[in-house]
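Participant: This is a predicted model, with the sequence first.
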Number of protein chains: 2
Amino acid sequence: MKQSPVQLVYDDIRNKIIRRQMFPGNRIIEEDLAQELGTSRTSIRSALQQLRQDGFVEIIPNRGSFVVQPTLEDIIALYDVRLTLESGAIKAAVENATDDTIRYLEHNLRQQLELDKNFSISAYSALNRDFHWQIAKASLNPYYERFLAEVYNKVEVYMLFYDKSIDNSYSYSSHKEMLTAICERDLNRAEAAVIADNEKALADIRYSFASV
Amino acid sequence: MKQSPVQLVYDDIRNKIIRRQMFPGNRIIEEDLAQELGTSRTSIRSALQQLRQDGFVEIIPNRGSFVVQPTLEDIIALYDVRLTLESGAIKAAVENATDDTIRYLEHNLRQQLELDKNFSISAYSALNRDFHWQIAKASLNPYYERFLAEVYNKVEVYMLFYDKSIDNSYSYSSHKEMLTAICERDLNRAEAAVIADNEKALADIRYSFASV
DNA sequence: TGAAATAGCATTGTATACATTATTGCATTC
DNA sequence: GAATGCAATAATGTATACAATGCTATTTCA
């Protein structure tokens, strides 16, 4: 099963951003990419629109497409929305989480502990992302999923840019607390854990930004 | 200043939906629309992508584009997210609202009262929408604006479909309460008003749905 | 008669060609 | 010498042409 050209372009750009082959602010020239990937500009443009929706690029009419370059202001705004959305999502997850979800989250947490032994930032980051993502899905509400996806993506690009391995600071305890709250169907405890997690993350970012 | 073809297409489809010339579930055939509007399919497809992002249409790959047709389940999920987002937005608004914003909201409320005399559903609906929209903007957080826009649009399409003039049931009192809370910079009071407003709206929808 | 295969058609996906817009650099003028 | 206007170029926006896909109706075989 071979993927469509636009999917190929989408993956290519996304990977380049995540692997730091493209940087925030970089302009994406349609014709060049089309040549490189052996597709037409039509597919490039279509992929760029999706990448915009998912928070990876910004398109300025008649000017061009650029890898998003969130400012500290943006990140603060994003974390505000992220806290809001995660609070809502975890409430829904507390009500709707199935045994499967819980097992999955437990598995994820065990892996996070394993990482203590031979630490890898990218591996930890993937687990962290996956944990949050799974909770969004457990809400059984597609809109939490979609909106949080955009928020996570934008934040991730910012992280890569500042490369301070922020957000990789241990959030194990707050994650564990979130899982416990879900298991015990405790709304308040779940929300408190989300708040703690977000406050820690944002504090780390502010600190990291101040030290640049 | 003449608008671009894709903007023309966007407006055309949006208007047709809102004026009930197109209905939820209706398929949109690119070639037909291109003929009708005297543009190319390229512009149609571009507009359709934006309409999807804004919550008006659904695109199924290789199958076609359709006017969104939210189910009751969707609406319940949407109102969950709406409550979450509006709570976050009004907290930010309480902190950031300027005198201009407050004056604008007061003006809007006065107009809502005026409407008592000669009532018009569409006029009231516009005011209602505008009030909520203004609060989203007052958050000074572009992500609240964007996400709420999609939620409002989808809900609006649903309303038009069921045509029960729901959500037009008086929300004046909760709106007034929201404004007061913003003026007094009272976070808890603001959030309570938002909760009341959403609960009333959702209750009306459930009632209306039951009576179909 | 019914179900599966197939051929034709309608529609979407992709590529190429043309039009418009923005930017850059140079020349001209004050 | 600096600023403004213009021309050339490079990139994006739009239209058209071609390819692939999915749907439907008809035919064929059990």
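Facilitator: Alright, I've got the coordinates. Small disclaimer: the values here were computed from a predicted structure and weren't measured.
Participant: so how many other residues sit close to residue A:23?
Facilitator: Using other Cβ atoms under 10 Å in any protein chain shown, residue A:23 has 13 neighbouring residues. Just so you know, the C-beta spots here come from the backbone N, C-alpha and C atoms, and that holds for glycine as well.
Participant: Do I have it right that it meets residue A:66?
Facilitator: No: using Cβ atoms under 8 Å, residue A:23 makes no contact with residue A:66, being 10.1 Å away.
Participant: now the residue lying closest to residue A:92 once chain neighbours are set aside: how far from DNA strand D?
Facilitator: Excluding its sequence neighbours, the residue lying closest to residue A:92 (Cβ to Cβ, 6 or more residues apart in numbering or on different chains) is residue A:139, at 3.7 Å. With distances taken as Cβ to the nearest atom of the strand, to the nearest Å, residue A:139 is found 30 Å from DNA strand D.
Participant: residues in contact with residue A:139?
Facilitator: Counting by Cβ atoms under 8 Å, 6 or more residues apart in numbering or on different chains, residue A:139 touches A:88-90, A:92-93, A:96, A:145.
Participant: Which ones among the residues you listed map onto strands?
Facilitator: Nothing among those maps onto strands, per DSSP state E.
Participant: Any chance you could list what contacts stretch A:193-211?
Facilitator: By Cβ under 8 Å, 6+ apart, stretch A:193-211 touches A:72, A:75-76, A:79, A:82-83, A:86-87, A:90, A:162, A:164, A:166-167, A:169, A:171, A:174-175, A:177-178, A:181.
Participant: Please read the previous query as pertaining to stretch A:43-52.
Facilitator: A:4-10, A:13-14, A:28, A:30, A:33-34, A:37, A:57-59, A:65, B:45-46, B:49.
Participant: ok, now which ones touch the closest residue to residue A:39 other than its chain neighbours?
Facilitator: Residue nearest to residue A:39 in three dimensions, not counting chain neighbours: residue A:5, with 4.4 Å by Cβ to Cβ, 6+ apart. Residues near residue A:5 by Cβ under 8 Å, 6+ apart: A:37, A:39-40, A:43.
Participant: Determine which two of those residues are furthest apart.
Facilitator: A:37 and A:40 (9.6 Å; Cβ to Cβ).
Participant: and the strand or helix carrying residue A:209, which residues are buried?
Facilitator: Counting by DSSP states H and E, the element that carries residue A:209 is helix A:187-210. Neighbour counts over helix A:187-210 (16 or more other Cβ atoms under 10 Å in any protein chain shown) mark A:189-194, A:197-198, A:200-202, A:204-205, A:208 as buried.
Participant: what helix or strand does the residue nearest the centre of chain A sit in?
Facilitator: Taking Cα atoms, centre = their mean, the centroid of chain A lies closest to residue A:152, which sits 2.5 Å from it. Residue A:152 is part of helix A:142-162 when elements are defined by DSSP H and E.
Participant: what's the angle between the next helix or strand after that helix and helix A:187-210?
Facilitator: Heading C-terminal from helix A:142-162, the first helix or strand you meet, by DSSP H and E, is helix A:172-183. Counting by axes from the mean of the first three to the mean of the last three Cα atoms, to 10 degrees, helix A:172-183 lies at 160 degrees to helix A:187-210.
Participant: Can you list the buried residues in helix A:172-183?
Facilitator: Buried residues in helix A:172-183 (16+ other Cβ under 10 Å): A:172, A:174-179, A:181-182.
Participant: who does that helix touch, helix- and strand-wise?
Facilitator: helix A:72-96, helix A:99-114, helix A:121-138, helix A:187-210 (3 or more Cβ pairs under 8 Å, 6 or more residues apart in numbering or on different chains; DSSP states H and E).
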